[in-house]
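Engineer: no sequence on this one, just coordinates:
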C-alpha cells in the first residue's frame, strides 16, 4: 500500500464500516472530516482522539501532545488527559527515551494534559521511535461543533498562516539549500515555526462564537482540510488564494521548492466554518491572532480562485506537498 | 535497549516521573502494578488504558480489544469505547487491513466496545502491523479497586489456568515439535486457548465481591503479576505452586519445553487480591469459572513454595518464558 494516511475512499471502504458495538453513549463515531469521537456521559461530553508521531528529528515528544490537543479543541473539548504509548527500536538509547519523556511532560503541562498512563516497549516491530498519544477532553456545552453541521453559505475563516508545520520541517530538513534563499534571520525564524503549531488559543476563542465546525489543517494543507470537510458532507466550496494568510518565510520556501503552500502540511492553522464570522474575526483580532475569511461553503463545485483570477476545479483530495519534497515517509 | 516492556526499575526512573499537568480529575495516574489511569468525572469515574499488539500470526485484531478490556475490568470499569490506531508497513496487503478491521469489529462487538475513531496509516516506521488500541471504560461504584489498596493478609485468588496465552502461542508457533508430545486433540485444543483470553466474565463477578485489587496476568505470567502488584506496594507474598490451576495441555507443553508455567504469559488469568475470598470463590463456582486460592500477601519476603515443599526466594521480577522459547521479540 502507498505510504501515508489512507485516502478518503479507502477509509470509507476499509475502516469506517467497522464501528464495533452500538452504544447509546456514542454521539459521534468515525467519519470523514472528523478527528475526534464523542461520548455523552451526562451531563458532560467526552471527546477522544489519537495520533502517532514517528521520527525523532525535531522533538517529536514536544509535537505529539499538541497535535492531539488541536484535534480535541476542534471538537469543542478542553484537553484533560493523555494516554501515551512509546514503541522504541532496540538500537534506541536510554537518553532518547529520557528526552522524549521530558518533552512529552513539558508539552502536556503547557496544554493542561495529565499523563494518565500508557505503555512503553522496546520492539523490533518499529524502525524508529513511534510516539502514540491518545487524548481525552471534556465538552461542557451544546450544540457540539461537528462536520455534520457544515452548511452551504458558511464562511470559512483561517488563522495564522498556511503551511506552518511544513515550513518548519523544510527549514529544518533542507536548511543547507535554503541558506542562500532566506536570510539567516528568516531561516532561523522558519525553523522555530513548530512553536506556532498549537491552535488551542484560537480554538478556545472560536468556540465562544458558536461555530458550525472547527478543523485543524494537517496533512494536505488548508486545501486538503477544506476539501475533506466539505466533501464529507457532499458539499462544495469556493476558496480564494489571494485571501490566504502566508508568513513571508513560507512564501519564500514554497517558491524555492516550487510547491503550493495551500497543499503544505499546516498544523497550527485553524479553520472555522461559521454562519457568523464577524464576532469571531473581532475576538481573534482582540487576542492578536491573525485571521482571514478565505472562502465559503457552497452547494456543489469545488473551486479554487488563484491570485491571478483563474478558477481551478479541485477534483480530488490533494496529496501533501511535503512527502513529494522530502521523498521520505511521514515524519 | 533490551526487547520487551521496560523493567519496573526503568519505568520508575524513566517514565513515571513524568505525569504532565496536575489535574484535579486524576484519581489514579501512572504507577507500577496499575494498568489503567482513572479520572473522576462526577458522578462517574473514567478508566483509560492502551495496549499495542504487533504481529499478524494469530488474529492480532481479535486479541487487541480483549487485552484492553481485561485491563479495564481489572480497574473496575465496564468497557465502553475503543480508539484504534493501525500502523501498517508498505508491503502489507489491503486484504490484511480488511481482515484486521473485521477482527477488531467482531471482538469489539463481543465485548461491548464502540469503535470511536482512530488513525490508519501506512508507514515504514513499522516492519509489521502495529495494532494500537486505547480503551475507555466507566466505573459507577466506590471504593475503586486498585494496587494501592492491597494489604498484608489479602488472599490471592486466580482463575482458569496459568500460562493460557503462552500455551496458545507455543501450540501455534511450535506445532510441529509438539505433534508427538500432545495428542492431536490436545494440540488442537491448546491452539484455541486464545478464546479463553478474556477475563471479563470473572472480572464482573469479582467486582461484586468488593476486592482490594484485580490484575490480569500478562507478561511474566502469574508469578510476574503477583510480584509486580506486591512490590509496587513494598509488600511480600507467599505463593504455593501446588495450588496453581493448570490446564493439562499447558502442563505437557511446559514440561516439553522445560519452562515454568508460572512465568508464562497468561492473559486470560485474573488475579484477585481480597480480604474475603469465600463469597468470591462461591460466586465463581456458581458461574462455572475455575478458581483457586494460590497464596497470600505478606508484610515482606517474596516466597514461592514449590510442589515438593522447597521454598524459593523471588528476588526480581521474572522475565517471561515465552521470549526465551521463541527467541524472537514479542508477538
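Structural biologist: Okay, I see it. Predicted model, so just to flag it, every value in this text is computed and none were measured.
Engineer: how about the strands in the stretch 101-250 of chain A?
Structural biologist: A:114-122, A:130-139, A:155-159, A:213-216, A:236-240 (DSSP state E, counting those that start in this stretch).
Engineer: Now render those strands as JSON lines, adding mean pLDDT, mean neighbour count and distance to chain B.
Structural biologist: Every C-beta, even on glycine, is put in place using the N, C-alpha and C of the backbone. Putting those into JSON lines (pLDDT from 0 to 100; neighbours: other CB atoms under 10 Å in any protein chain shown; distance: least, CB to the nearest CB, whole Å) gives the following:
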{"stretch": "strand A:114-122", "mean pLDDT": "91", "mean neighbour count": "24", "distance to chain B": "3"}
{"stretch": "strand A:130-139", "mean pLDDT": "96", "mean neighbour count": "26", "distance to chain B": "4"}
{"stretch": "strand A:155-159", "mean pLDDT": "98", "mean neighbour count": "25", "distance to chain B": "24"}
{"stretch": "strand A:213-216", "mean pLDDT": "96", "mean neighbour count": "27", "distance to chain B": "14"}
{"stretch": "strand A:236-240", "mean pLDDT": "98", "mean neighbour count": "21", "distance to chain B": "24"}
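Engineer: Adding distance to residue B:216, write those strands out as CSV.
Structural biologist: CSV is the format used below for the strands of the stretch 101-250 of chain A (distance: least, CB to CB, whole Å):
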stretch, distance to residue B:216
strand A:114-122, 14
strand A:130-139, 20
strand A:155-159, 45
strand A:213-216, 37
strand A:236-240, 49
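Engineer: So which of those strands is nearest residue B:48?
Structural biologist: strand A:114-122 (5.5 Å; CB to CB).
Engineer: where along the stretch 201-331 of chain A do the helices fall?
Structural biologist: For the stretch 201-331 of chain A, the helices defined by DSSP state H, counting those that start in this stretch occupy A:221-232, A:248-257, A:277-286, A:321-326.
Engineer: which of those helices is buried the deepest?
Structural biologist: Counting by mean count of other CB atoms under 10 Å in any protein chain shown, helix A:221-232 has the highest mean neighbour count of the helices of the stretch 201-331 of chain A, with a mean of 25.
Engineer: helix or strand for the closest residue to residue A:93 other than its chain neighbours, which one?
Structural biologist: In this structure, residue A:93 finds its nearest non-sequential neighbour in residue B:1, 7.6 Å apart by CB to CB, 6 or more residues apart in numbering or on different chains. Residue B:1 belongs to no helix or strand when elements are defined using DSSP states H and E.
Engineer: quick one, what contacts residue B:1?
Structural biologist: A:88, A:90, A:92, A:93, A:94, A:97, A:122 (CB atoms under 8 Å, 6 or more residues apart in numbering or on different chains).
Engineer: wait, which of those is closest to chain B?
Structural biologist: residue A:122 (4.6 Å; CB to the nearest CB).
Engineer: Distance of that closest one relative to residue A:305?
Structural biologist: Per CB to CB, to the nearest Å, residue A:122 is found 52 Å from residue A:305.
Engineer: Please apply the same query to residue A:1.
Structural biologist: Residue A:1 is 35 Å from residue A:305, by CB to CB.
Engineer: With residue A:162 instead?
Structural biologist: 15 Å.
Engineer: Compare the two (neighbour count), which wins?
Structural biologist: Counted by other CB atoms under 10 Å in any protein chain shown, residue A:162 and residue A:305 do not tie: residue A:162 has more neighbours, with 28 against 16.
Engineer: which residues sit in contact with that one?
Structural biologist: By CB under 8 Å, 6+ apart, the contact set of residue A:162 is A:217, A:221, A:222, A:244, A:245, A:246, A:250, A:261, A:262, A:264, A:266, A:269.
Engineer: List only those of the residues you listed flagged as buried.
Structural biologist: A:217, A:221, A:222, A:244, A:245, A:246, A:250, A:261, A:262, A:264, A:266, A:269 (16 or more other CB atoms under 10 Å in any protein chain shown).
Engineer: Sort out which one of those residues lies nearest chain B for me.
Structural biologist: residue A:217 (16.5 Å).
Engineer: you'd agree the closest one is up against residue A:267?
Structural biologist: Yes - with contacts counted by CB atoms under 8 Å, residue A:217 reaches residue A:267, the gap being 7.4 Å.
Engineer: sorry, back to before: nearest approach to residue B:79 belongs to which of the strands of the stretch 101-250 of chain A?
Structural biologist: Nearest of the strands of the stretch 101-250 of chain A to residue B:79, taken as CB to CB: strand A:130-139 at 15.1 Å.
Engineer: what angle do that closest one and strand A:114-122 make?
Structural biologist: On the basis of axes from the mean of the first three to the mean of the last three CA atoms, to 10 degrees, strand A:130-139 is oriented at 160 degrees to strand A:114-122.
Engineer: which strands and helices sit next to strand A:130-139?
Structural biologist: Packing partners of strand A:130-139 (3 or more CB pairs under 8 Å, 6 or more residues apart in numbering or on different chains; DSSP states H and E): strand A:44-54, helix A:60-74, strand A:78-88, helix A:94-111, strand B:44-54, strand B:78-88, strand B:130-139.
Engineer: could those go into a markdown table alongside distance to residue B:288?
Structural biologist: Shown next, in a markdown table, are those (distance: least, CB to CB, whole Å):
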| stretch | distance to residue B:288 |
| --- | --- |
| strand A:44-54 | 36 |
| helix A:60-74 | 43 |
| strand A:78-88 | 35 |
| helix A:94-111 | 45 |
| strand B:44-54 | 27 |
| strand B:78-88 | 21 |
| strand B:130-139 | 25 |
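Engineer: Just tell me which of the ones you listed ends up closest to residue A:127.
Structural biologist: Among those, the nearest to residue A:127 by CB to CB is strand A:44-54 (8.8 Å).
Engineer: What strands flank that closest one, and is each parallel or antiparallel?
Structural biologist: Looking at strand A:44-54 with DSSP bridges, its partner strands are strand A:37-41 (antiparallel), strand A:130-139 (antiparallel).
Engineer: Spatially central residue in chain A, please.
Structural biologist: Per CA atoms, centre = their mean, the C-alpha nearest to the average position across chain A is that of residue A:218, at 3.4 Å.
Engineer: Is it correct that that residue is in contact with residue A:263?
Structural biologist: No - shown here, residue A:218 and residue A:263 do not form a contact pair, counting by CB under 8 Å, at 12.0 Å.
Engineer: Identify the residue nearest residue A:299 in space, chain neighbours excluded?
Structural biologist: Closest to residue A:299 by CB to CB, 6+ apart is residue A:152, at 4.8 Å.
Engineer: and the one you found, what does it touch?
Structural biologist: Residue A:152 neighbours (CB under 8 Å, 6+ apart): A:235, A:297, A:298, A:299.
Engineer: Which pLDDT value goes with the first one?
Structural biologist: Right, the one you point to is residue A:235. You'll see residue A:235 listed with a pLDDT of 96.
Engineer: thought it was touching residue A:299?
Structural biologist: Yes - Residue A:235 lies in contact with residue A:299 (CB under 8 Å); the separation is 6.7 Å.
Engineer: and the two? which has more neighbours close in?
Structural biologist: With neighbours defined as other CB under 10 Å, residue A:235 and residue A:299 compare such that residue A:235 has more, 18 against 10.
Engineer: Please list all residues in contact with the more buried one.
Structural biologist: Residues near residue A:235 by CB under 8 Å, 6+ apart: A:150, A:151, A:152, A:297, A:298, A:299, A:300.
Engineer: Adding pLDDT and distance to residue B:324, write those out as a markdown table.
Structural biologist: Output for the contacts of residue A:235, formatted as a markdown table (pLDDT from 0 to 100; distance: CB to CB, whole Å):
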| residue | pLDDT | distance to residue B:324 |
| --- | --- | --- |
| A:150 | 97 | 56 |
| A:151 | 97 | 61 |
| A:152 | 98 | 63 |
| A:297 | 98 | 60 |
| A:298 | 98 | 63 |
| A:299 | 97 | 65 |
| A:300 | 94 | 62 |
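Engineer: Can you tell me which of the residues you listed comes closest to chain B?
Structural biologist: Distances from chain B to those, taken by CB to the nearest CB, are shortest for residue A:150, at 18.1 Å.
Engineer: Would you enumerate the residues in contact with that closest one?
Structural biologist: Applying CB under 8 Å, 6+ apart, we find residue A:150 in contact with A:212, A:213, A:229, A:230, A:233, A:235, A:273, A:297.
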